[in-house]
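S.K.: The following block contains a protein sequence and its predicted model.
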Amino acid sequence: MSLTVSPEPAVRPAPVAPADRLRIAVVAPPWFELPPNGYGGTETVVAGLVDQLVARGHEITLIASGRHRTAAQHFVPMYDVPPSHLLGSPMPEVQAAAAAAAALEGADVDVVHDHSLAGPLLARGRDVPTVVTLHGPSTGANGLYFETLGHTVGVVGISAAQQRLNPRLNWTGVVHNAIDVSSFPFRSEKDDYVLWLGRFNPDKGAHLAIDAARAAGRRIILAGKLNEPAEHDYFEEAVRPRLGRQRGVDAEYVGEADAVLKRELFSRAACFAFPIQWEEPFGMVMVEAMACGTPVAALRRGSVPEVVADGLSGIVVDDLGSFPDALRQAIELDPAACRAHVERHFDLPVMAEGYEQVYRLLLGTGGWDDDWDDWPDDLSSSRIA
């Protein structure tokens, strides 16, 4: 019989006093409702942040698609039905920016927190600060876009690793993403399998996870998104030939995992494999696994050293040759320590407190106006959480 009681959570601060309450407008991406029913990692983070800010005593105006399903006191729909079927098309982002601009014209708010792509273009014309969270890469075309926005926005990174890759952005701080830890089941007694879960892309390393699990003598279960042509191509070329029983070890693909199956797989896995092949800005799956008491074996890329406590909640190694041993070592770690690590660093109240500090940092710089040359030079060095 497995233990289902989680370790004691860290102490959380009390809600702010009425005099310290902030009026915050939150602009979500247009693609999915908040919270999303399935796919939508950014939307999940934004929904959790909104609810936590309300719980802390702040007044929130949420501008998002679909129904009003968060705790925000005010809600403005940018689309009655989210345009999920148009994901990747530019027009929904442009329309969403127009809807947000109309909603915010004359609005009595202290700060705007924009999570959309096109919305930050409108920050220059505002009398209040605009905070943007960089949910994607800080390099390439995405990085150049936010560089061009300059001092019109305060950019929050989701990891210090993401921030270091492009020092030319107007960084305001780092606030790690978070989850509702209480929604993830804790399990101390594990099954014998290694888990890989994610999007089927070479950068995510599903084929490498299979190879390492076989080398370690552990069966592996894979679950993940397999919809787009590039995902199918990678799966057929690199993953499917590795499935089944080979060298005495099984590898099984169970399809795309919804919220229920994902939690079941995470909580029962002996460890979670994360052989990431790019500078991942965050990697929410690592946090979700640890929340279920499942340690992580990961390569030292991107945000991994910030997310995984090496030797406590997982094992972090520098090369693929060491990865099978990382799996073996991770399996021996204490599930309760994994859960406690996430509660302490990646629970929703921690993230909300971090963003609250960002808002106050900007509002405490002597007032906000449209003279961008007056911004303090040291904002980019501020580390929030």
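M.R.: Yep, it's here. Numbers count the residues shown, from 1 in each chain.

S.K.: Residue 352 contacts residue 53, doesn't it?
M.R.: Yes - taking contact to mean C-beta atoms under 8 Å, the distance of 5.6 Å between residue 352 and residue 53 places them in contact. The C-beta positions use only the backbone N, C-alpha and C, and glycine is treated the same way.

S.K.: Which one's more surrounded, the two?
M.R.: residue 53 (28 against 25; other C-beta atoms under 10 Å).

S.K.: so that one makes contact with residue 60?
M.R.: Yes - counting by C-beta under 8 Å, residue 53 sits close enough to residue 60 to count as a contact (5.5 Å).

S.K.: which residues are in contact with both of those two?
M.R.: Counting by C-beta atoms under 8 Å, 6 or more residues apart in numbering, the residues touching both residue 53 and residue 60 are 24, 26.

S.K.: Pull out the buried positions in stretch 231-248.
M.R.: 231, 234, 235, 238, 239, 242 (16 or more other C-beta atoms under 10 Å).

S.K.: is it fair to say the fifth one lies in a helix?
M.R.: This means residue 239. Yes - with DSSP: H, G, I helix; E, B strand; the rest coil as the criterion, residue 239 is part of a helix.

S.K.: I'd like the numbering to begin with 270 instead of 1 from here.
M.R.: With 270 as the first residue, the last one maps to residue 508.

S.K.: Does it touch residue 522 like I think?
M.R.: Yes - taking C-beta under 8 Å as the contact criterion, residue 508 and residue 522 are neighbours in contact, 7.1 Å apart.

S.K.: Quick check: neighbours shared by the two?
M.R.: Shared contacts of residue 508 and residue 522, defined by C-beta under 8 Å, 6+ apart, are found at residue 491.

S.K.: Where does confidence bottom out across the buried residues of stretch 500-517?
M.R.: The weakest per-residue confidence within those falls on residue 500 (94).

S.K.: Would you verify that it is located in a helix?
M.R.: Yes - with three-state DSSP as the criterion, residue 500 is part of a helix.

S.K.: what's it in contact with, if anything?
M.R.: Residue 500 is in contact with 468, 469, 470, 494, counting by C-beta under 8 Å, 6+ apart.

S.K.: List the residues that contact the third one.
M.R.: Remark: with contacts taken as C-beta under 8 Å, 6+ apart, residue 470 is in contact with 499, 500, 503.

S.K.: residue ranges with poor pLDDT in the chain?
M.R.: Low-confidence segments of the chain, defined by pLDDT under 70: 270-283, 287-288, 307-308, 634-654.

S.K.: any idea what sits nearest residue 483, other than its immediate chain neighbours?
M.R.: What sits nearest to residue 483 in space, not counting adjacent residues and going by C-beta to C-beta, 6 or more residues apart in numbering, is residue 518, at 4.5 Å.

S.K.: you'd agree the one you found is up against residue 482?
M.R.: Yes - judged on C-beta under 8 Å, residue 518 makes contact with residue 482 at a distance of 6.8 Å.

S.K.: Among the two, which residue is more densely surrounded?
M.R.: Between residue 518 and residue 482, counted using other C-beta under 10 Å, residue 482 has the larger neighbour count: 28 against 17.

S.K.: which element is the more buried one on?
M.R.: Take DSSP states H and E as the rule and residue 482 turns out to sit in helix 475-485.

S.K.: the helices in the stretch 320-469 of the chain, which residues?
M.R.: Along the stretch 320-469 of the chain, the segments classed as helices by DSSP state H, counting those that start in this stretch run 359-373, 409-418, 429-433.

S.K.: what packs against the last one?
M.R.: With contacts defined as 3 or more C-beta pairs under 8 Å, 6 or more residues apart in numbering; DSSP states H and E, helix 429-433 has these neighbours: strand 440-443, helix 573-576.
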